[in-house]
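Colleague: build me a model from this:
(chains A and B)
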There are 2 protein chains.
Amino acid sequence: MIGAGLLGTSIGMAASKAGLTVWLSDTSHEHVRTASGLGAGSALPKDAVPQLVVVAVPPDHIAATVIAALETGAMVTDVGSVKELPLLEVSDQVDESALARYVGSHPMAGSERSGPLAASAAMFDGRPWAITPHVHSSVEAVELVEELAALCGAQTVRLSPVEHDRAVARTSHVPHLLAVLTAGLLADGAPEQLSLSGQGVRDVTRVAAGDPDLYGQIIRGNRVAVTELLVDARGELDAMIRAIKSSDTEALGDILTRGVAGTQAIPGKHGGPPLETGAVFVAVPDNPGELSRLFADVGQIGVNIEDLRIDHDPGRAVGLVELTVEASAAEGLRTSLEAREWTTHR
Amino acid sequence: MIGAGLLGTSIGMAASKAGLTVWLSDTSHEHVRTASGLGAGSALPKDAVPQLVVVAVPPDHIAATVIAALETGAMVTDVGSVKELPLLEVSDQVDESALARYVGSHPMAGSERSGPLAASAAMFDGRPWAITPHVHSSVEAVELVEELAALCGAQTVRLSPVEHDRAVARTSHVPHLLAVLTAGLLADGAPEQLSLSGQGVRDVTRVAAGDPDLYGQIIRGNRVAVTELLVDARGELDAMIRAIKSSDTEALGDILTRGVAGTQAIPGKHGGPPLETGAVFVAVPDNPGELSRLFADVGQIGVNIEDLRIDHDPGRAVGLVELTVEASAAEGLRTSLEAREWTTHR
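Modeller: Presented below is the predicted three-dimensional model:
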């Protein structure tokens, strides 16, 4: 494991837990000590001959680290958020027999925090982990990387590097950038204006709080796919401005309807089709134990909660909890909660 | 109350609960019957002389309804999401003495659902309710509308109609439109691409699921402020595209950093400054009762939960629950939960 940060340490912990021997290396000796202490493996011995080298370094350092790792004769993967650019850089510098031993991958997991202290063996449980074979990669290398991902508890998804980069541009990088754009507009807002902020704008902008340095590297690494989609977005934005300026009811309606369709295109819970759900709102005093009492009651009522959100009421020591449940169960849950003296609405 | 939909019925329920006599009218007799049944008031008698008329009709019908209501000699407010345009339309058609009796307002509450069946007396509890006096409005009218909002449990915020419209353009309408833009890009994505969707893109696009007809009316009604901000956003988007195309690390870093500042500018819980928080992730089997068991444990540990979110793991019957707590309490909570045999990470 080259790089004992959040991802490297987490993979080391999960792989060690699964019975593999993991050796750790990092430019920071402190990180290696911390990661070892957390059970992610032990410091790399001088004469070590690894079967698989996992490169878990910042995006800008991936290609050079992969090239150096291939010189050991081992299989090599990296876990960066962008796959095509590092592959091109590696292909330029190594011959085909070495290139056969390299297969990129990308676990869809992480945290707003970074460093080994934020790591966890459970981080990949049930998450997608993209494996991105290329024309020169050997079957053995692909299968070995898939085995690692599966041992870490992830669901593997095979995509070409280009397909992967286009997919994450659409589902992650461009949504991140448009959230940054929205948050940037708030940065100019007067406090009186922002006092009218509700849960909606909090949700839209949450991801924009991510580390600018890391996201800068990711986005520059995927600049072709990202730019292409951002140019599409600009075209849509122009159409939106035109429709609003000219009060074109039909054009604006079409744009808003397409947005609804987009939200419905995201796969539902457990990868299945989106479930028809209903919401029940419950007023909960802002004290330890109140949420616990609510969930004890919901558990006794026997309804499964699909999703839930706490809405912060500015200026009041009461939270509004939104419980999302299967549509057919919503009314019964509300009535049962009212019977237990909770204040609810739909 | 003219209009017995979601907002009208909810205000009727809250006002009736506070001891006021409420009369209801709606073009749909069915809505009036439903709202009455929910305790929102009774059908408007022929000889009724109301003190205050609340106009709770769709945006495009507000001005005409306010003008008709002013003819009764009563004080009048409306509860639409846009304030300047209806005021101008009303000002054009009534004299100053009638205009003095009209003060617009806007409760910051609602639901993805609509109609009286989705109503609740608790909807305004602790929420901001903007009151928008204008140069001709009388002190009596302003105070009466503020009294209604306070009786409904809301926190009143005074703003001019123009200030209000600029504020909601920034905190609600433009974030909604940029979420629509992001969701629109998903509508074009292949299912393989969308299988890599995580919680981030779900949050960014959630509000884009709102009713296109209603949002179309709101946005057209606030087109000046919305267009101005969207043009700003287009300028920022152009700068973003330039920075990414040219791999300008510094320019992209500045844009991402401004986004972080924007997320920090949103007022924190209870209107105070944002609290320093930490996250604890807990793996929870997807069965009724498991969340209840988790919250019972959290309650016993005695840590107050600031926010929480359930992350749906595609393809697995286990959910990842993210508990947000005060930063200093996070590590203790995690250790205590591990001791109770929960699988956690940070």
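
Colleague: what residue in the stretch 101-250 of chain A comes nearest to chain B?
Modeller: Distances between the stretch 101-250 of chain A and chain B by C-beta to the nearest C-beta are smallest at A:Ser120, namely 2.4 Å. Every C-beta, even on glycine, is put in place using the N, C-alpha and C of the backbone.

Colleague: burial check on that residue, number of neighbours?
Modeller: Under the neighbour criterion other C-beta atoms under 10 Å in any protein chain shown, A:Ser120 is assigned a count of 22.

Colleague: got a list of what it touches?
Modeller: A:10, A:13, B:281, B:344-346 (C-beta atoms under 8 Å, 6 or more residues apart in numbering or on different chains).

Colleague: return the subset of those residues lying in strands.
Modeller: B:281, B:344-345 (DSSP state E).

Colleague: and these near chain A, which?
Modeller: Filtering the ones in strands among the contacts of A:Ser120 for neighbours of chain A using C-beta under 8 Å from any C-beta of the partner chain leaves B:281, B:344-345.

Colleague: just to revisit the earlier point, pull the most distant pair out of the contacts of A:Ser120.
Modeller: By the measure C-beta to C-beta, those have their two most distant members at A:Met13 and B:Phe281, which lie 13.9 Å apart.

Colleague: looking at these two, which one has more neighbours?
Modeller: In this comparison of A:Met13 against B:Phe281, neighbours counted by other C-beta under 10 Å, the higher total goes to A:Met13 at 24 against 21.

Colleague: list the contacts of the closest residue to the more buried one other than its chain neighbours.
Modeller: Distances taken as C-beta to C-beta, 6 or more residues apart in numbering or on different chains put A:Ala121 closest to A:Met13, at 3.9 Å, once the chain neighbours are dropped. Under the criterion of C-beta under 8 Å, 6+ apart, the contact list for A:Ala121 reads A:10, A:13-14, A:16-17, A:39, B:345.

Colleague: how about the helices in the stretch 101-250 of chain A?
Modeller: Counting by DSSP state H, counting those that start in this stretch, residue ranges of the helices within the stretch 101-250 of chain A are A:139-151, A:161-168, A:174-187, A:191-194, A:199-205, A:212-221, A:223-245, A:249-265.

Colleague: which strands and helices sit next to the third one?
Modeller: Judged by 3 or more C-beta pairs under 8 Å, 6 or more residues apart in numbering or on different chains; DSSP states H and E, helix A:174-187 is in contact with helix A:199-205, helix A:212-221, helix A:223-245, helix B:174-187, helix B:199-205, helix B:223-245, helix B:249-265.

Colleague: now it and helix B:223-245, what's the angle there?
Modeller: Calculated by axes from the mean of the first three to the mean of the last three C-alpha atoms, to 10 degrees, helix A:174-187 forms an angle of 130 degrees with helix B:223-245.

Colleague: flag every residue of the stretch 1-150 of chain A that's near chain B.
Modeller: Residues of the stretch 1-150 of chain A lying close to chain B by C-beta under 8 Å from any C-beta are A:10, A:108, A:111-113, A:117-123, A:125-128, A:130.

Colleague: now A:Ala233. Nearest residue, chain neighbours left out?
Modeller: Ranked by C-beta to C-beta, 6+ apart and with sequence neighbours excluded, the top spatial neighbour of A:Ala233 is B:Leu181, at 5.7 Å.

Colleague: wait, I meant A:Val180
Modeller: Ranked by C-beta to C-beta, 6+ apart and with sequence neighbours excluded, the top spatial neighbour of A:Val180 is B:Gly259, at 3.3 Å.

Colleague: low-confidence stretches in chain A?
Modeller: For chain A, applying pLDDT under 70 flags the ranges A:110-113, A:268-275, A:286-289, A:310-319, A:346.

Colleague: can I see the domain layout of it?
Modeller: Following automatic domain parsing, chain A resolves into domains at A:6-159, A:165-265, A:277-345.

Colleague: which one, of the ones you listed, ends up nearest to B:Ile241?
Modeller: The closest of these to B:Ile241 is domain A:165-265. By C-beta to C-beta, the value is 5.1 Å.

Colleague: can you tell me the distance between the two ends of that closest one?
Modeller: Domain A:165-265 has an end-to-end distance of 19 Å (criterion: C-alpha to C-alpha, to the nearest Å).

Colleague: hmm, B:Gly184 and A:Gly259 touching each other?
Modeller: Yes: assessed by C-beta atoms under 8 Å, A:Gly259 is found in contact with B:Gly184 at 5.4 Å.

Colleague: the more surrounded of the two?
Modeller: A:Gly259 (29 against 25).

Colleague: residues touching that one, list them.
Modeller: For A:Gly259, the contacting residues are B:179-181, B:183-184, B:187, B:205, B:208-209, B:212, by C-beta under 8 Å, 6+ apart.

Colleague: cutoff 6 Å now
Modeller: Taking C-beta atoms under 6 Å, 6 or more residues apart in numbering or on different chains as the contact definition, A:Gly259 lies against B:180, B:183-184, B:208.

Colleague: okay, the helices and strands packed on helix A:174-187, which one's buried deepest?
Modeller: With neighbours defined by mean count of other C-beta atoms under 10 Å in any protein chain shown, none of the helices and strands packed on helix A:174-187 is more surrounded on average than helix B:174-187, at a mean of 27.

Colleague: give me the contact list for that one.
Modeller: Applying C-beta under 6 Å, 6+ apart, the external contacts of helix B:174-187 come out as A:170, A:175, A:178, A:182, A:201, A:204, A:233, A:236, A:256, A:258-259, A:261-263, A:265, B:204-205, B:207-208, B:229.

Colleague: what residues sit buried inside stretch A:31-50?
Modeller: Along stretch A:31-50, the positions that meet the burial threshold by neighbour count (16 or more other C-beta atoms under 10 Å in any protein chain shown) are A:31-32, A:34-36, A:38, A:40-41, A:44, A:50.
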